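>>> Generate a structure from the sequence data that follows.
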Amino acid sequence: MSEAQRHAAAVAFQHQHPLFIIGISTGISIVIVSIIVLVRWLMSMSAWPYHPRGAAGFLIDEAVRLGVIFVPWVFLGVFFKYYIYELHPELNTGTTWGAFAICAIAIRMLLRRLPAVKAMARHIDAARAQAKAAKLGVAP
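This next block holds a predicted model:
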C-alpha cells in the first residue's frame, strides 16, 4: 500500500468514525494530564506536611491548577475535532491545526492567570519552599 493510499484510508476512517477518533484522542489527553498530576504530586511528597490542607489538599490544588488549564483545552479540542472531521474535512490541514495550537496555548496562558489558580500555585510553591528549607536546615 502506497503512502497516498494509506493517507486516503486514514482520512476516510476519520470521516466515517469521527467520534471514535475524538474519543481516543480525548482519552489519551486525560490520561496524560492525570499522569502529570500524579507524578507532580508524588515528586512533592516532602512538601505535603507544609501544605495548609496536607497531602489531600496538595493533590487537589495540583489537580485543579492543571485541570483549569487543560480541561477547557481538551473540550475545545473535542469541538474543534468534531468540526473538522465531521463538518469540514477539507480543513484538515497543518495550517488549521497550527492555528488551533496557537489558540490553545493562548487560552492556557490566560487561564493560568485566574486568581484562584494563582492562589493554588502559591500554596504549592510555599509548601515546596518550606520543605526545601527544612531539608537544608534553614529556618523558613
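
>>> hey, let's count contacts and neighbours off CA atoms from now on
Noted.

>>> so where's this protein uncertain?
Counting by pLDDT under 70, the chain has low-confidence residues at 139-140.

>>> now with 50?
Scanning the chain for pLDDT under 50 picks out nothing.

>>> Run through the helices of it in chain order.
3-16, 18-43, 54-82, 94-111, 115-136 (DSSP state H).

>>> Comparing these, which comes out most buried?
Most buried of those by mean neighbour count (mean count of other CA atoms under 10 Å) is helix 54-82; its value is a mean of 18.

>>> Please compute how far it lies from its chain's middle.
Helix 54-82 has its C-alpha centroid displaced from the chain centroid by 6 Å (CA atoms, centre = their mean, to the nearest Å).

>>> that older thread, format the helices of the chain as JSON lines; extra columns: distance to residue 88.
Listed next are the helices of the chain as JSON lines, based on distance: least, CA to CA, whole Å:
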{"stretch": "helix 3-16", "distance to residue 88": "10"}
{"stretch": "helix 18-43", "distance to residue 88": "12"}
{"stretch": "helix 54-82", "distance to residue 88": "9"}
{"stretch": "helix 94-111", "distance to residue 88": "11"}
{"stretch": "helix 115-136", "distance to residue 88": "35"}
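
>>> for the closest residue to residue 107 other than its chain neighbours, what are its contacts?
Once flanking residues are discounted, residue 107 sits nearest to residue 73: 7.6 Å by CA to CA, 6 or more residues apart in numbering. Neighbouring residues of residue 73 by CA atoms under 8 Å, 6 or more residues apart in numbering: 104, 107, 108.

>>> and which of those residues is nearest to residue 55?
Minimum distance to residue 55 across the contacts of residue 73 is 25.9 Å, recorded for residue 108 (CA to CA).
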